[in-house]
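> need the 3D shape of this:
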Amino acid sequence: MASMMLRSVSGATGAFGNQRPTLCPQRLSTSMSPVTTCAYGNLPNVGGGRKWKKIETNHNGKPVKVKMHVKKGDLVQIISGADKGLVGEITEVVTKKGLVIIEGANKSVKHVGPRAEGETGQIKEFFSPFHHSNVMLYSAEKKVASRAGYKIEDGKKVRYLKKTGEIV
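Below you'll find the predicted structure:
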C-alpha cells in the first residue's frame, strides 16, 4: 500500500505533529488490492482461504487459470527436484494453481485414522503434484527434452518440440 498517496487531516494529532496521515480517497480504486509478503513471495490478497493460499480471481470471483505449456496426456521429463530426470505422462492438470500430476513420480503416503467406531485406519498412497515449470516436454523417439513452440499447420495452431521439430 506504499504506492497509495497519503494526505493529512488537519486537527488530528499523531506521530506527525498536529496532522495524522490518512489514505487519499481520490487515489484509491477498486482494482488495487493489498499485497501480502510471505514465504512464497508477494501475493495479492484476493479470493478466499488463508493468507498463504490466496488464489487470484477474475471479476466473477472464479479462479484465474494459469497458462501452461503442457497438457494432460503429454510425455514430460522432470527437470528439478528429487525425481529429476524421470520421464512420465501427465495424468492430471490443476489449472487454478499451475500444477501437474505425473504418473509414477513424487509418490506420497498419507496415514488416515479411523472415522467411525469399529473401522480400522488406512495408509493411502498417491502422487503429489509438481509445478508446471519443473517439467519439460519429452521426445520418446530422440530421447531428448525440449521446449514447446507453436506454429500453424493446415490452418490450425499446433504445438511442436523446438529441438526436434516433432509435433506434440
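> Asp154 and Lys162, how far apart?
20 Å (C-beta to C-beta, to the nearest Å). (C-beta placed from N, C-alpha, C; glycine too.)
> ah, wrong one, I meant Val109
Separation of Val109 from Lys162 (C-beta to C-beta): 38 Å.
> do the same with Ala116
On the measure of C-beta to C-beta, Ala116 and Lys162 end up 54 Å apart.
> and those two? Which one has more around it.
Set Ala116 next to Lys162 and count neighbours by other C-beta atoms under 10 Å: Lys162 wins out with 11 against 5.
> in this structure, which spans are strands?
6-14, 17-23, 35-38, 41-44, 75-78, 87-94, 99-102, 107-112, 122-127, 130-131, 135-139, 144-146, 148-153, 156-161 (DSSP state E).
> any weak-confidence spans in the chain?
Along the chain, segments meeting pLDDT under 70 span 1-54.
> mind doing that once more with 50?
Within the chain, the stretches with pLDDT under 50 are 1-12, 14, 20-33.
> give me the neighbour count for the closest residue to Ser80 other than its chain neighbours.
In space, and not counting its chain neighbours, Ser80 is closest to Asn134: 4.8 Å by C-beta to C-beta, 6 or more residues apart in numbering. By other C-beta under 10 Å, 17 other residues sit near Asn134.
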